[in-house]
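Enquirer: here's my sequence, what's the structure:
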Amino acid sequence: MSPNLLKYQDLIVEIKNQILNSQQKAMISVNKELILLYWNIGKMIIENQNLFETRNNYIEQLSKDIKSIFPDLSGFSRSNLFNIRKFYLFYANASIQQAVGLNSSNAPIQQVVGLNELCTIPWGHHVLILEKTKTIEEAAFYIKETRSNNWSRAILSLQLKQNLFERQGKAITNFDKTLEVKQAFLANQLLKDPYNFDFLTLEPQVHELEIEKSLTNHITKFLLELGKGFAYIGRQYPIEIGNKSYTLDLLFYHITLKCYIIIELKAVSFEPEFTGKLNFYLSAVDDLLKSENDNPSIGILLCNGKNGIEVEYALKDINKPIGVSEYTFTEILPKQLEKNIPTVNEFEELLKKNS
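Expert: A predicted model of the protein is given here:
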């Protein structure tokens, strides 16, 4: 290939990147202007609500009048105007509460949502968040996560359905005692409890190896549930200690935390001895795999049930960072029970006979 042709190909790539970059900036700018427009319209609707006191269908009438002026303009249907009104009320009320430092339960507000933050995600995402959240703290969480992880509307909908806000950062850990302050904070926020593996369909008495295999067969969904930053290294990862071989259930490297993460899966409820074995594995990984630039390795123990007090006692004197969570999955009906359940066709026939 001639030098000129190579240069021309480089030029095409550079022009393409410039166009994509420009398109992305334009989309961000358009979205910001749209959110600001909806905010101002919501404000005007609320401030002039007394004009419509005798008309119960004033939003519907407003929608018709706007459409008659701008027939080709979308976004001003009756339902969306109600969304716009709700959007302004929800965050404007939160801003008033934040001004006095209180939330709906008269507790100090932890997360503040300003107009600039609202402009960072698309309107369709806002509608979903308004439908599914009840507090400003919860809404702020999903706005931040959507922005940080670049979630599509489908992914945001899934995270809302699986109640990520209530699960994030809820695992029992010893991170505060075994990691530096910043690393401990980030690691605690990373873990969930419980982990939702409903994309797996398994028998109730499933073995650990089957769970591991199913998770890695659904690695994209598994990584989505784990969260941003996990890089998958291997399943049943072998390590040699002395003259003996051991295997780690699942090994990851976390890009943000800059450390190895061992995930050990248990098909049964938590037992105190599980932490000792994981502590042993973490020592081995720190010696054999960890580089000078890596932070201490972290262990995540996923069990099919746990007692919180028992876990706290088990972690009390462990010197390696370990977090313990539960997990859920979709259970298959036992075969003998499944045989007794009528099929759809059989059920329809039964209904016909009884009608």
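
Enquirer: every contact and neighbour count from this point should use C-alpha atoms.
Expert: Fine.

Enquirer: what's the following helix or strand after the strand or helix carrying residue 185?
Expert: Per DSSP states H and E: residue 185 is located in helix 181-190. Of the helices and strands lying after helix 181-190 in sequence (DSSP H and E), the nearest is strand 195-202.

Enquirer: other SSEs contacting that next one?
Expert: Judged by 3 or more Cα pairs under 8 Å, 6 or more residues apart in numbering; DSSP states H and E, the packing partners of strand 195-202 are helix 208-217, helix 219-226, strand 322-331.

Enquirer: could you point out which element follows the shortest one?
Expert: Yep, that's helix 219-226 we're talking about. Once the chain leaves helix 219-226, the next helix or strand it forms, by DSSP H and E, is strand 230-241.

Enquirer: out of the helices and strands packed on strand 195-202, which one sits most buried?
Expert: Most buried of those, by mean neighbour count (mean count of other Cα atoms under 10 Å): strand 322-331, with a mean of 20.

Enquirer: ok so, going back, what lies in contact with the helix holding residue 185?
Expert: Outside helix 181-190, the residues within contact range by Cα atoms under 8 Å, 6 or more residues apart in numbering are 168, 169, 170, 171, 173, 175, 176, 178, 227, 257.

Enquirer: in TSV, list the helices and strands packed on strand 195-202 along with mean pLDDT.
Expert: Putting the helices and strands packed on strand 195-202 into TSV (pLDDT from 0 to 100) gives the following:
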stretch	mean pLDDT
helix 208-217	88
helix 219-226	90
strand 322-331	89
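
Enquirer: in TSV: those, plus distance to residue 196.
Expert: Below are these laid out as TSV (distance: least, Cα to Cα, whole Å):
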stretch	distance to residue 196
helix 208-217	11
helix 219-226	7
strand 322-331	5
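
Enquirer: for residue 42, which of the ones you listed is the nearest?
Expert: Residue 42 lies closest to helix 219-226 among the helices and strands packed on strand 195-202, at 34.8 Å (Cα to Cα).

Enquirer: now do the buried residues in whatever helix or strand residue 283 lives in.
Expert: If you go by DSSP H and E, residue 283 is part of helix 273-288. Residues of helix 273-288 classed as buried: 275, 278, 279, 281, 282, 284, 285, 286 (neighbour count, 16 or more other Cα atoms under 10 Å).

Enquirer: what about the helix or strand just after it, distance to the chain center?
Expert: Using DSSP H and E, the helix or strand that directly follows helix 273-288 along the chain is strand 298-303. Mean-position distance between strand 298-303 and its chain equals 19 Å (Cα atoms, centre = their mean, to the nearest Å).

Enquirer: tell me what angle the helix or strand just after strand 298-303 forms with strand 322-331.
Expert: Next in sequence after strand 298-303, counting helices and strands by DSSP H and E, comes helix 308-315. Orientation of helix 308-315 against strand 322-331 (axes from the mean of the first three to the mean of the last three Cα atoms, to 10 degrees) gives an angle of 140 degrees.

Enquirer: other SSEs contacting helix 308-315?
Expert: For helix 308-315, the packing partners by 3+ Cα pairs under 8 Å, 6+ apart are strand 172-173, helix 273-288.

Enquirer: to residue 86, which of the helices and strands packed on strand 195-202 lies closest?
Expert: Residue 86 lies closest to helix 219-226 among those, at 30.4 Å (Cα to Cα).

Enquirer: so how far is the closest one off the chain centroid?
Expert: Chain-centre distance of helix 219-226: 10 Å, with Cα atoms, centre = their mean.

Enquirer: now mean pLDDT and distance to residue 238 too, for the helices and strands packed on helix 308-315, in TSV please.
Expert: Conversion of the helices and strands packed on helix 308-315 to TSV gives the following (pLDDT from 0 to 100; distance: least, Cα to Cα, whole Å):
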stretch	mean pLDDT	distance to residue 238
strand 172-173	96	26
helix 273-288	96	11
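
Enquirer: I'd like those as TSV, with distance to residue 39 appended.
Expert: Output for the helices and strands packed on helix 308-315, formatted as TSV (distance: least, Cα to Cα, whole Å):
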stretch	distance to residue 39
strand 172-173	40
helix 273-288	51
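
Enquirer: which one of these lies closest to residue 204?
Expert: Residue 204 lies closest to helix 273-288 among the helices and strands packed on helix 308-315, at 21.0 Å (Cα to Cα).

Enquirer: pLDDT weak spots in the stretch 51-200 of the chain?
Expert: 51-56, 94-112 (pLDDT under 70).

Enquirer: which residues in it form helices?
Expert: For the stretch 51-200 of the chain, the helices defined by DSSP state H, counting those that start in this stretch cover 58-69, 78-99, 115-118, 123-132, 136-149, 153-161, 164-167, 175-178, 181-190.

Enquirer: tell me what angle the second one forms with helix 123-132.
Expert: Direction vectors for helix 78-99 and helix 123-132, defined by the same axes, to 10 degrees, enclose an angle of 70 degrees.
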